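**Q** attaching a predicted model along with its sequence, questions to come.
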Amino acid sequence: MQKPTKHVYVVVREDMAPPYRAVQACHAGISAARAGLIKDEPNLVVLTTCDERSLVDLANQLKSLGVRHRRFIEADLGDELTAICTEPLENGRRRVFRDFKLLE
């Protein structure tokens, strides 16, 4: 029997310039890996949300659902929350991200 595919989700803010989005997504992923949330090679999905407030709301929702994640706070941007990276997720645990847009 084949193991379900796991996905790591990185969510960045749309209210930042595109180069910042890419950099902040990388920072969040590296932070999650260093924290031990990512141990294998899951698929990576990079999504966007409108602003810092919606990112905070998502982080709170993930916490309430028991989804481990790392918040990335950017010191160069006034200690703002810029991105979140989750632990690898599979099946129904991925549903929380169904209304988010892919990073373009």
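**A** Arrived safely, thanks for sending.
**Q** okay, CA-based contacts and neighbour counts for the rest of this
**A** Fine.
**Q** pretty sure Leu89 sits against Val10.
**A** No - assessed by C-alpha atoms under 8 Å, Leu89 is found out of contact with Val10, at 11.7 Å.
**Q** higher neighbour count, the two?
**A** Each of Leu89 and Val10 has its neighbours counted (other C-alpha atoms under 10 Å); Val10 has more, 27 against 19.
**Q** which neighbouring elements make contact with the lengthiest helix in the chain?
**A** Counting by DSSP state H, the longest helix found in the chain is helix 18-34. Helix 18-34 sits against strand 7-13, strand 69-74, strand 80-86, with contacts defined as 3 or more C-alpha pairs under 8 Å, 6 or more residues apart in numbering; DSSP states H and E.
**Q** now the shortest one: mean pLDDT?
**A** Per-region confidence: strand 69-74 scores 97 on mean pLDDT.
**Q** in it, what counts as buried?
**A** Residues His69, Arg70, Arg71, Phe72, Ile73 are the ones in strand 69-74 that count as buried (16 or more other C-alpha atoms under 10 Å).
**Q** what is the nearest of those to Cys26?
**A** Relative to Cys26, the closest of these is Phe72; by C-alpha to C-alpha it sits at 9.9 Å.
**Q** which strand residues bridge that closest one?
**A** Ala83 (DSSP bridges).
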